[in-house]
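Colleague: Kindly generate the corresponding structure for this input.
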Amino acid sequence: MPILFPLLAVMIWATNTVVSKAAAGVLDPAAISFYRWFLAALVLTPFCLKAVWQQRLAIRPYLGQFLVLALLGMVLFQCIAYYAAHSTTATNMGVITSLVPLSSLLLNAFITKTKPSAAAALGIFCSFCGVLYLLGKGHPASLLLSGVNHGDALMLIGTVAYALYGILLRRWALPFSHWQNLYIQIVLAVVILIPVAFSAQTMAIPQQGIGLVLFAGIASSLIAAYCWMQGVHRLGADRTAVFMNLLPLFTALIAMFSLGEKIQGYHLLGGGLVLFGVVLAQIKSWRFALITK
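Modeller: Residues are numbered from 1 along each chain as shown. Next comes the predicted model:
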């Protein structure tokens, strides 16, 4: 069944959010950021290096764009998530990540100077209220006194970075295969992360961290990417994108059973508002019927 591909991809990405939280007590965030993409590059090299090398002259003019994409999607978003995991929950991380479609909508509207539809505007408002309720743990007014949790703030920054990544990826439409595009971005991400790795207190991988690195580097970076590409190919981009709305639900459930995180009332209400707003904003057309007598 074609729907199994995007469903599996989202489940893997939700699990990786929990892995990011689990890694917070095991690995230095700079270390796992580097090892994740270094491992992904190693796995892809036998399959992609030859083709990329043969097209090196055609690729060279696009290196600047590839560099920006690697910085936004793989370094900023993923690396920030590992740092955020030290001071927020996996459940919060999943809910905040679900804001990527809305962030994309707002950024795209700003870039193209287009006005969001009525449905999109209402969706943005609902999600904004949901985020405030979630970050304030059921008391949004408390944010005025204590501010936003450090980890939640980092995830919001990462979400915006990833939304911009998605917009640029579509607008630039680099003329190479999906795997070649991914491989070049991963290699550049590894290069960018080398100085970040030097900031780590330790680059050692303890025994309990081996599985976390393997999952992040292979399952989340490659297997999920393959499943998502298959979903887009078989179902289309729009239908596949809807499955991302399941990310916060899957993340919360996995975190509850594996990390013992408790789902509070503010998670349900705040997360529900966020999810409702995201779904609403994805409606392509919205018409309000005026009934007159």
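Colleague: list the contacts for the spatially closest residue to residue 148 that is not a sequence neighbour?
Modeller: Once flanking residues are discounted, residue 148 sits nearest to residue 135: 5.4 Å by C-beta to C-beta, 6 or more residues apart in numbering. Any C-beta I mention is one placed from the backbone N, CA and C, and that applies to glycine too. Counting by C-beta atoms under 8 Å, 6 or more residues apart in numbering, residue 135 touches 92, 143, 148, 149, 152, 270.
Colleague: Against residue 128, how distant is the last one?
Modeller: Noted for residue 270: a distance of 11 Å to residue 128, by C-beta to C-beta, to the nearest Å.
Colleague: More neighbours: which of those two?
Modeller: residue 270 (25 against 15; other C-beta atoms under 10 Å).
Colleague: What pLDDT is listed against residue 213?
Modeller: pLDDT, residue 213: 95.
Colleague: unless I'm mixing things up, it is touching residue 34, no?
Modeller: No: the criterion here is C-beta atoms under 8 Å, and residue 213 misses it with residue 34 at 9.9 Å.
Colleague: Same drill for those two, tell me which one is more crowded.
Modeller: Between residue 213 and residue 34, counted using other C-beta under 10 Å, residue 34 has the larger neighbour count: 24 against 21.
Colleague: Distance of that one relative to residue 192?
Modeller: The value you get for residue 34 to residue 192, if C-beta to C-beta is used, is 10 Å.
Colleague: Check the gap between residue 224 and residue 140 for me.
Modeller: Residue 224 sits 34 Å away from residue 140 when distances are taken as C-beta to C-beta.
Colleague: higher neighbour count, the two?
Modeller: Here residue 224 and residue 140 are compared on neighbour count by other C-beta under 10 Å; more neighbours surround residue 224, at 22 against 16.
Colleague: Give me the contacts around the helix or strand hosting the more buried one.
Modeller: Using DSSP states H and E, the element containing residue 224 is helix 224-235. Helix 224-235 is contacted from outside by 2-3, 5-6, 8-9, 12-13, 16, 178, 182, 240, 243, using C-beta under 8 Å, 6+ apart.
Colleague: which of those residues are buried?
Modeller: For the contacts of helix 224-235, a burial check counting by 16 or more other C-beta atoms under 10 Å picks out 5, 6, 8, 9, 12, 13, 16, 182, 240, 243.
Colleague: mind listing the helices for the stretch 101-250 of the chain?
Modeller: 118-135, 143-146, 150-172, 178-198, 207-214, 224-235, 237-241, 247-258 (DSSP state H, counting those that start in this stretch).
Colleague: Could you tell me the least trusted of these?
Modeller: Confidence, taken as mean pLDDT, is least for helix 143-146 of those (a mean of 65).
Colleague: hang on, the earlier thing: in the helix holding residue 224, what's buried?
Modeller: Buried residues in helix 224-235, counted by 16+ other C-beta under 10 Å: 224, 225, 227, 228, 229, 230, 231, 232, 235.
Colleague: Count the neighbours of residue 43 for me.
Modeller: Look at residue 43: counted by other C-beta under 10 Å, it has 15 neighbours.
Colleague: what's the first-to-last distance across stretch 139-158?
Modeller: Stretch 139-158 has its terminal residues 24 Å apart, counting by C-alpha to C-alpha, to the nearest Å.
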